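>>> Give me the fold of what follows.
(one chain, ligands or ions: 2)
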Amino acid sequence: MPFIITDPCIETKDTACVDVCPVDCIHPRKDEPEFAQVTMLYIHPEECIDCGACVPACPVAAIYESIDATPSSQTDLIEANAIYRNGDAALMAQAEAIVQAHVAAHPELIAIPAAERQAAHASH
Ligand code: SF4
Ligand code: SF4
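Ligands and ions are numbered 1, 2, ... in the order given. Next comes the predicted model:
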């Protein structure tokens with residue numbers, strides 16, 4: 001059951017989670033050319049080993065420990081995490097399209113500062 005990055009990462013993407021992930025399953029990294037193109041980062045669901053190191057590293061509490069733990073307002077982003085692949089333009093575009101649809105569908109959440117957004121997930 002992989003960990004899931006959700007909407008507080010949008011435009012935050014500081015890569016603190018990348019620095020602590022022991023299996024390098026969070027992409028894109030800052031040194032990858034795709035970094036400038038994405039609005040958030042994604043966890044590869046088959047490569048994540050469920051160690052939990054990324055959760056306390058995230059300054060905006062964007063990461064949930066499982067699909068089941070992901071609030072209903074964020075479940076669309078489970079698929080974005082699952083399909084994103086660095087270097088595959090089509091899959092990158094699909095993941096980013098899901099994120100843009102999420103932004104359009106949840107203006108009330110996106111209007112909240114990223115550091116406070118996770119606290120609002122349960123009620124949106
Ligand atoms: S839970 Fe561990 S392996 Fe999975 S993304 Fe986070 S740091 Fe990486
Ligand atoms: S630490 Fe949090 S905000 Fe930063 S890139 Fe990772 S998930 Fe996104």
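>>> Could you find the closest non-adjacent residue to residue 85?
residue 91 (4.5 Å; C-beta to C-beta, 6 or more residues apart in numbering). Glycine gets a C-beta too; all of them are placed from N, C-alpha and C.
>>> which parts of the helix or strand that contains that neighbour are buried?
Assigned by DSSP states H and E, residue 91 falls within helix 89-105. In terms of neighbour count (16 or more other C-beta atoms under 10 Å), helix 89-105 has its buried residues at 92, 94, 95, 96, 98, 99, 102, 103.
>>> Surely residue 76 touches residue 102?
Yes. If you go by C-beta atoms under 8 Å, residue 76 and residue 102 touch, sitting 5.2 Å apart.
>>> May I ask you to confirm that residue 2 is in contact with residue 42?
No. Assessed by C-beta under 8 Å, residue 2 is found out of contact with residue 42, at 10.3 Å.
>>> what about those two, which has more around it?
Neighbours were counted for residue 2 and for residue 42 using other C-beta atoms under 10 Å; residue 42 has more, 26 against 20.
>>> quick one, what contacts that one?
Neighbouring residues of residue 42 by C-beta atoms under 8 Å, 6 or more residues apart in numbering: 5, 26, 27, 80, 81, 84, 95.
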